[in-house]
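S.K.: Sequence first, predicted coordinates after that:
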Amino acid sequence: MALLGGLWTPEIIWCLSNGPRRFSELLRDNPNLTGKVLTGRLRDLQARGVLDRKVMPTSPPSVEYELTALGLELLPAITSIVEVGTRLLLRETPSEG
């Protein structure tokens, strides 16, 4: 829970759930996230074994981030949290009529 409780961690893992993403794509997916914070979160998640960082041999070099097997194991928990949150929001929405 400490891992998922980190600021922006669930959002980053969720963005990587559909496959590898580049740094700029992750920033675009999370417009309120700064580059400095994203860099810190990515380094932390890489150190914990949740994601891999791959430097692509292009000119200029590009970097992709991808979930590891451990990162993929976190997806059901994040999916459940999203589903419960959605149901709670729907309950709080005043009904029409």
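M.R.: The structure has been received and is ready for your questions.

S.K.: give me the low-pLDDT residue ranges for the protein?
M.R.: Within the chain, the stretches with pLDDT under 70 are 1-5, 94-97.

S.K.: Now for it: which helix has the highest residue count?
M.R.: The longest helix of the chain (DSSP state H) is helix 69-92.

S.K.: Spatially nearest residue to the spatially most central residue of the chain, not counting backbone neighbours?
M.R.: Nearest to the geometric centre of the chain sits Ile12, at 1.4 Å (CA atoms, centre = their mean). Computed as CB to CB, 6 or more residues apart in numbering, the closest residue to Ile12 that is not its neighbour in sequence is Arg41, at 5.7 Å. Every residue, glycine included, has its C-beta placed from N, CA and C.

S.K.: before we move on, back to that, contacts for the longest helix of the chain?
M.R.: With CB atoms under 8 Å, 6 or more residues apart in numbering as the test, helix 69-92 has contacts from 3-4, 10, 13-14, 16-17, 45, 48-51, 67.
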